[in-house]
Every structure is written in C-alpha cells, then in structure tokens.
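**Q** the following block contains a protein sequence and its predicted model.
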Amino acid sequence: MRTVRMTQPTLQLLNEIRTRSGGHPIGVMLGALLIVGMLGNAWAQDTRSTPAPHDAALDAQRSSPAPIKRPEQKKTAHDLSDDFNVHKAQPSSPVFKRQAKEGRVSGFDFYRDPLNADVPYQDPGQGVKKESANKPRVMEEQRQLLERRYDLQPKLDPKAKMSRGKPLAVGPTARLASGMSWDKLGQMSPAEIKERNAFPYPSLPHPLQTNGGQVFLQMQIDMFPRLERFDVAFDIPDAFVPEFPPAIFLSNRAELGDVSRGEVVSINNYYRLFKDLLTPVQLDGLRMLLTPFPQEEFNPTDDRKTREPSLGVTCLDCHVNGHTTGQFHLTPDIRPEERRFRLDTVSLRGLFNQQIHGSKRSLRSVEDFTEFEQRTAYFNGDEIHAAKKGMNILSRVQVSHMAQMQNMFDFPPTPKLDPMTGRLDNAKANESELRGEEIFFGKGKCASCHPAPSYLDNQLHDLHLERFLNEPGDGPIKTFTLRGVTESPPYMHDGRCFTLEDTVEFFNLVMQLRLSQDEKQDLVAFLRQL
C-alpha cells in the first residue's frame, strides 16, 4: 500500500476546518473526507505521471543508448570504425591472395548467418527492415482470407460465459458457397462436395508460412512486449479465443475453484500466488514452467523475429495459466516447410488423464515431451537450430518437477455431470441437454473417439479430409479431450472451427451424420455442459 503524507498546507487546512466547525465532530469528519479526496486525486495524478522503471539492460540493447554518464562509455573513432566488418578482416598471410577464393568462405557460415538467409553474410538489420515493412501486407492478406471464409462479426450468447465471465461466441461462422445451405450440404456425398469445392472448413494457414513459428495475441503482447514479432501478428478476432487471463483450477485444491485471482501467472507473481497452495516440488515445477528458454523465433541471435534479443519464451507463455489463449505455431512433424500445418495451442487442463502427447508424435509421457521440445527449438523438430539458438538439456529432476505441476491443472467444474460416470445428472440437465447427450453417444458417434468420463480415447485418428478437399489430408491426429471445451476456442488442431456450432457442422459433414438443425442445437447444448 502506498503511504500519502500530509504536507504543511494540508495540515493548516485541517486545523482551519476544525476551528470553523467549532470542533464539532461532524464538521471535522466532513473536512477530513474532503482532504482525503484531494489527496486521492493528487495520488492518482502522481501515479499516472510516474515513468516506467528504468531498465538498464533493456536500454543497453537498444540502438539509441541511454545518456552517457561515464567517460569510458563514450564511443571512440575506433569503436565506430568499419574494422569490425567481416569483409574488412585482413588475412593472416598474404599467400592467401593466390589461393582459391583468397582464403575466404564465400558461402553461408551457418552459425554466424541468420538461418534461412537469402545470401551469405546478410546484414540482419536489412532482414528486419524488409520483414517489418511487409508485415502490414502479410496481415491484410490474412484478414481478407478470413473474411472470405468466415463471418467475423461475433454473435455472443447472452447467458453462456466462460469461467471468468467472457461470453461465448456462437455460430456457425463459416461462409457457404452461393446458393448453398447447411441442410443441402449435409445431404451431399464427399465426392460431390469436393467436386464443387464446397467444403466450408479447409485448413487454416499460418499467416506467414515461410517463417512460421509461435504467434501471440495482442492482449498478451500488451502485457509482455517481449512476445511481439516484427514479421507477423495474431489473426483471429478476440471474440473467438479463450478469455484472458484464463481461470486456474487445481486438482489438489478443488474446493477453492478458480485460483488465478484474475492474474496472469508469471515469474514475478507465482510465488506469492501459490506458496500456500502447492508443494515445494510443484512450486519448483511452476518456476521452471515460467522460466524463459531460447526458442526458434524468440532468442538472443540474429535468427530471432523480435526487435530486441530475448531469453526466449516460457512454457506458460503459450499455455497461459495452464490453459491456452489461442496462440499458434506450425507442426514440427512434417517437411518440407510448405507441408507443415498450423497448430493451435492446447490446454494443459486434465493432463493427468492423458497417456499420449503431441498432435502426431504420440510421445508417451509429458516428461519425454518436455525434453524433446527443449532439444528441438520448441515445436520446430530441429535440433540443429536449437543448438545455435540455445539448446537446454534439463535434468530429469527438473523435468519431473515440471510434470508434477502440469498434472495439477484441472478442468472447470461441471455441476450437471455425475462425478462418477461423467454423464449428465438427469435431475439437473434440461431436455435439450439430455437429447444432446443421446445424440453424442448415439447418432452423432462422438463417443467413439470421446468416451466418458474424460471424453478422450488416447488414440490418433485420420479423418481423411482429402475426400472433401483439393488439398492433402492431415493424417492421424491425436484426440483431444472435450472436458471444458467451451473455454478452448477455436477448435480442431489448426483452429479452423471458430465456435462449437462450426465444429458440429464440420463433423456432420465429415462423418456424414445428416443431423437436423434441432439435433445440432441439442448437441451443442450438451457440449457446453462438459
């Protein structure tokens, strides 16, 4: 709490009020309230005018350094000379003039040059300048693509909300071809849909495929500027992503409900928030999950996609509060680059019930998953890049602590589900929800991949979307849990379905279910209770 001291004029004013009121208690009290209000306004003004804390390390990284205070900091002619230019280096022997290439390496020096540079010894500043200038065009093209595919004007449910109050967007949002309706489309065969190029949910591309990599939301960047990229930005409108910050539910303290207290957990506040809720091992694991490590786009080298060098990103930069807020990257499992597909960040809620990890890799423990990502530049599948940008070989003790913490993240409460079976409690559910449950376990065939009570089967399934699209299918993709699904939009591995209604329409077509409009609405009503 900030202490406000009363100045001499303030004390004189208080004495004058006491004198004029004849010492009457009410008069003195009203005068004191007036002064408190004045002090409060002064405090607020002072707070707004207070500059941000000086960060010497950050200033030292900038091209315009802080004012010089010491003589040894002044740049000399030597400091500013061109002698440090690699092309100006004098050979160690004049004999090299007669050797091939004059003894120079004329090709790429992969440790020095930015990876994927267009020419050897490329000036990284030129790359930053070029990609920064291209960023508006990149994002405008992605915006136009989204507007062609989706109705981006969100329709918000007046009652249904996420755990911390963000309203749910309802759909479907996908735009259909001229003259087409959902009912008509639902009656067509896969071959007919493909022939007419009418499938409304093609893959959702990364806005900048060549660079790829992790992309964070603007609301998160506003809080953590180190996450802003100069080449690309987040593309999906805010209404169609999870709330920020998400709630946190701990399986070891279920009686507390949301323990986030409305804060984004970071290295700055985790100890204060959780020292009395977690064991020392779990708390240490949380510390590791909040510790930045170099990553493909966020690192200290010229390869980074941030203007300033950085220590990297943390696990919970993507899995904010152990959940997700829609960050995306590219799958590490496929090459060449143009065959890699967009991957939406999944929630860590309910990780304790998951037996395989990774959308395609089927890693058999979260410890293995953690170690693998640390060695491969975080979701790039490339240990060569990781070695350059900062490969971290974590001890198995640290990895196990991280796993212990991740296994504490629980699902949101489900008051209408029977805690033993995961099915609806008939006494609490309404008629629409009960009909939706019947469709889920019957005609909709949803339970074949999402059985209760966890609503996942720990398998990988291939939907063979090439039956409907003039593009390659995705191959087998891990089944993700449907528990807490209302708080994890957008849906599918690449986020191509913005709402639950979009997801129901997607599977109605892919599985040829031929659901009626009422059946679709009932199914969504049931999914909201999970």
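**A** Arrived safely.
**Q** output the lowest mean pLDDT helix or strand found in the protein.
**A** For the chain, counting by mean pLDDT, DSSP states H and E, helix 25-49 ranks last in confidence among helices and strands (a mean of 47).
**Q** mind listing what residue 98 touches?
**A** Listed by Cβ atoms under 8 Å, 6 or more residues apart in numbering, residue 98 has no contact partners. C-beta here means a position set from N, CA and C on the backbone, and glycine is covered the same way.
**Q** Provide the secondary structure category for the residue lying closest to residue 265 once chain neighbours are set aside.
**A** Leaving aside its sequence neighbours, residue 265 sits nearest to residue 321 (Cβ to Cβ, 6 or more residues apart in numbering; 5.5 Å). What DSSP: H, G, I helix; E, B strand; the rest coil gives for residue 321 is helix.
**Q** what's the answer for the one 4 residues further on, then?
**A** Three-state secondary structure (criterion: three-state DSSP) places residue 325 in coil.
**Q** ok, residue 388 next?
**A** Going by three-state DSSP, the secondary structure assigned to residue 388 is helix.
**Q** I'd say it and residue 301 touch.
**A** Yes: counting by Cβ atoms under 8 Å, residue 388 does reach residue 301; the two are 6.5 Å apart.
**Q** in terms of neighbours, single out the busier of those two.
**A** For residue 388 versus residue 301, neighbours defined as other Cβ atoms under 10 Å are more numerous around residue 388 (19 against 16).
**Q** what's the separation between that one and residue 299?
**A** 9 Å (Cβ to Cβ, to the nearest Å).
**Q** so residue 477 touches residue 462, yeah?
**A** Yes: using Cβ under 8 Å, residue 477 makes contact with residue 462 at a distance of 7.4 Å.
**Q** ok, those two, which is more surrounded?
**A** Per other Cβ under 10 Å, whichever of residue 477 and residue 462 has more neighbours is residue 477, with 19 against 11.
**Q** residues in a beta bridge with that one, which ones?
**A** Legend: beta-bridge partners of residue 477 under DSSP bridges are residue 461.
**Q** dump the residue contacts of it.
**A** Counting by Cβ under 8 Å, 6+ apart, residue 477 has contacts 359, 360, 460, 461, 462, 463, 493.
**Q** over to the nearest residue to the third one once chain neighbours are set aside: give its phi and psi.
**A** For residue 460, ignoring the flanking residues on the chain, the nearest one in space by Cβ to Cβ, 6+ apart is residue 476 at 3.8 Å. Note on residue 476: its backbone torsions stand at phi -60, psi 130 [degrees, to the nearest 10].
**Q** what does the one 10 residues further on give?
**A** Taking degrees, to the nearest 10, you get phi -60, psi -20 for the backbone angles of residue 486.
**Q** what count of nearby residues applies to it?
**A** By the criterion of other Cβ under 10 Å, residue 486 has 21 neighbours.
**Q** need the pLDDT of it.
**A** Here the pLDDT value assigned to residue 486 is 97.
**Q** so how far is residue 149 from the spatially closest residue to it that is not a sequence neighbour?
**A** Sequence neighbours aside, residue 528 is the residue nearest to residue 486 in space, at 5.2 Å (criterion: Cβ to Cβ, 6+ apart). Distance of residue 528 to residue 149, given as Cβ to Cβ: 25 Å.
**Q** before we move on, what about residue 470?
**A** 15 Å.
**Q** quick one: contacts for residue 146?
**A** 152, 235, 236.
**Q** now, of those residues, which are buried?
**A** 235, 236 (16 or more other Cβ atoms under 10 Å).
**Q** for the contacts of residue 146, could you give me TSV that also reports secondary structure?
**A** Formatted as TSV, the contacts of residue 146 follow (three-state DSSP):
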residue	secondary structure
152	coil
235	coil
236	coil
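**Q** of the contacts of residue 477 - the most surrounded one?
**A** Most surrounded of the contacts of residue 477: other Cβ under 10 Å gives residue 359, at 22 neighbours.
**Q** what helix or strand is that one located in?
**A** Using DSSP states H and E, residue 359 sits within no helix or strand.
**Q** surely it and residue 479 touch.
**A** No: look at residue 359 against residue 479 with Cβ under 8 Å: they stay out of range, at 10.2 Å.
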